[in-house]
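Participant: give me a 3D structure for the following:
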Amino acid sequence: MKKAMGLALLLGLLVGCDSSEVGDVSLGVFTLKDIKLNHFQDPIVTGVTCHVASVEANLSFSDPSDSSIACRQTGPITQAMIAQIDNSDSGEVIFKKSKSVFFKSMKIRRILDKENQTLMYLSYSTKETSGSFKHSLSTVPLYGTKAYQTRVSVDN
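Facilitator: Predicted structure coming up:
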């Protein structure tokens with residue numbers, strides 16, 4: 001009896017307990033797919049919060065690759081934060097979520113557009129689906145933050 005109660009409690013904790021989930025929209029009565037809405041804060045540039053929408057299928061070995069992302073400034077962004085991030089052209093993965101038992105995942109990568117002083121957040125699937133890799137992009141300009149650096153113009 002104790003084992004059964006313990007197992008029931010454990011299953012209750014595991015089902016639908018994603019602390020980052022802020023919404024769940026059913027796609028209808030005759031489908032087991034839902035649109036899950038999650039949020040996450042950039043681990044280094046903590047003044048940025050992203051919201052991600054993706055389709056998840058209950059009782060399926062693989063979720064669809066489609067996703068959408070929107071990122072906004074929700075707190076201070078400082079030059080010290082920007083100095084800590086990867087400045088390469090490919091940026092760095094800051095979020096990863098498994099979408100299949102067959103090695104498909106959704107990743108979110110932060111890339112700095114130095115010339116325009118803008119953070120770009122790219123959400124993408126790591127497996128080709130229907131001839132293309134699904135992706136979505138959101139940007140957060142540094143203008144108006146402590147990280148923005150005024151450009152000096154030189155007249156010739």
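Participant: you'd agree Lys36 is up against Glu21?
Facilitator: Yes: between Lys36 and Glu21 there is a contact under C-beta atoms under 8 Å: 6.1 Å. Using the backbone N, CA and C atoms, a C-beta is placed for each residue, glycine as well.
Participant: so these two - more neighbours on which side?
Facilitator: For Lys36 versus Glu21, the count of surrounding residues by other C-beta atoms under 10 Å is larger for Lys36: 21 against 12.
Participant: dig out what the more buried one forms beta bridges with.
Facilitator: With DSSP bridges as the criterion, Lys36 is bridged to Asp24, Ser54.
Participant: how about Glu92?
Facilitator: Counting by DSSP bridges, the residues bridging with Glu92 are Arg110.
Participant: pairing partners for whichever strand or helix holds Thr139, with directions?
Facilitator: Assigned by DSSP states H and E, Thr139 falls within strand 135-141. Strand 135-141 pairs in its sheet with strand 118-125 (antiparallel), by DSSP bridges.
Participant: list the contacts of stretch 134-142.
Facilitator: With C-beta atoms under 8 Å, 6 or more residues apart in numbering as the test, stretch 134-142 has contacts from 48, 50, 65-73, 77, 82, 113, 116-125, 148.
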